[in-house]
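A.B. asks: got a predicted structure here, sequence first:
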Amino acid sequence: MCTCHEPHTPDRPERRRFLRLAGMTAAAVAAAPLLSNTALAATPAAAPTPKPQNQLAPDAALERLMQGNQRYVDGLTRRHDFLTEREALVSAQNPYAAVLGCADSRIAPEYAFDTARGDLFAVRVAGNLVTDDGLASLEYGVAVLGIPLLMVLGHEGCGAVEAGLKMARDGASYPGHIQGLAAAIAPSAQAVLEHKGDVLENAIAQNVRDNLKQLTERSSLLRDAIAEGRLKVVGGIYRLASGKVELIA
């Protein structure tokens, strides 16, 4: 009587995993057409433009922005229908301007330019600095939302710029991450230490100019939009007492 046995192959964990994966792959291949059709059927139609009046050329966007600031200065701001705007903006947005402003509580761009919901795309950080995340946000606004105007908005009496000025002039140091913020602004202050006039005012204006330069130097996306005439980039200084925004070169 033959007592021969076929070789025994142990059911190793690796073999069991392979069989499970093979079964999953086959099921996925079989289901692919169904999944593709379901995904296509579920794709929503493009949302309508919520605020058609915001579809402006760059120069027209700047004119509208500054007209809003004049109303704010004159105390003649408009009454905005926030209820209707909330409903219109549920599915999409198309702001007509982006503002890179300071985090200072006294300067709220939406008020300063008498705008409603969905009109401004605001990025705010102390000293109105171009940070990596802020720049990505602005690129999104231009590339995806089609924003035609970008303003870097500084303001008089800026404490962040004053900190950078004290670092440049007196070697001041600060606790925590404030040191890094001041160090980022210090070169703008250093550049105007010998200029005539109020040194803080000069540093605030120079900081705006330097951050305008940062936008175009660090972002090919923004440079291309400017070159193609789709985007205008400007700088401004907000006056605390009057609320007036003064454009600077």
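C.D. replies: Yes, it's here.
A.B. asks: show me which residues of stretch 144-154 are buried.
C.D. replies: For stretch 144-154, the neighbour count (16 or more other C-beta atoms under 10 Å) marks 145, 146, 147, 148, 149, 150, 151, 152, 153, 154 as buried. To be clear about C-beta, it is placed using only N, CA and C from the backbone, and glycine gets the same treatment.
A.B. asks: what's the strand or helix carrying the last one packed up against?
C.D. replies: What that stands for is residue 154. Assigning secondary structure by DSSP states H and E places residue 154 in strand 149-155. Judged by 3 or more C-beta pairs under 8 Å, 6 or more residues apart in numbering; DSSP states H and E, strand 149-155 is in contact with helix 58-74, strand 97-101, helix 132-143, helix 199-218, strand 232-238.
A.B. asks: let's go with 6 Å and repeat that
C.D. replies: With contacts taken as 3 or more C-beta pairs under 6 Å, 6 or more residues apart in numbering; DSSP states H and E, strand 149-155 sits against helix 58-74, strand 97-101, helix 199-218, strand 232-238.
A.B. asks: next SSE downstream of the first one?
C.D. replies: Counting by DSSP H and E, the element after helix 58-74 in chain order, helix or strand, is helix 82-88.
A.B. asks: now that following helix, how far from the chain's geometric center?
C.D. replies: Helix 82-88 sits 23 Å away from the centroid of its parent chain (C-alpha atoms, centre = their mean, to the nearest Å).
A.B. asks: low-confidence regions, this protein specifically.
C.D. replies: 1-47 (pLDDT under 70).
A.B. asks: could you chop it up by domain?
C.D. replies: When the chain is parsed with automatic domain parsing, its domains come out as 12-43, 52-248.
A.B. asks: list the residues that contact the residue nearest in space to the middle of the chain.
C.D. replies: The geometric centre of the chain, computed from its C-alpha atoms, lies nearest to residue 137 (C-alpha atoms, centre = their mean), at 2.6 Å. By C-beta atoms under 6 Å, 6 or more residues apart in numbering, residue 137 lies in contact with residue 123.
A.B. asks: format the helices and strands packed on strand 149-155 as JSON lines; extra columns: mean neighbour count and distance to residue 164.
C.D. replies: Converted to JSON lines, the helices and strands packed on strand 149-155 look like this (neighbours: other C-beta atoms under 10 Å; distance: least, C-beta to C-beta, whole Å):
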{"stretch": "helix 58-74", "mean neighbour count": "17", "distance to residue 164": "26"}
{"stretch": "strand 97-101", "mean neighbour count": "26", "distance to residue 164": "17"}
{"stretch": "helix 199-218", "mean neighbour count": "20", "distance to residue 164": "7"}
{"stretch": "strand 232-238", "mean neighbour count": "21", "distance to residue 164": "16"}
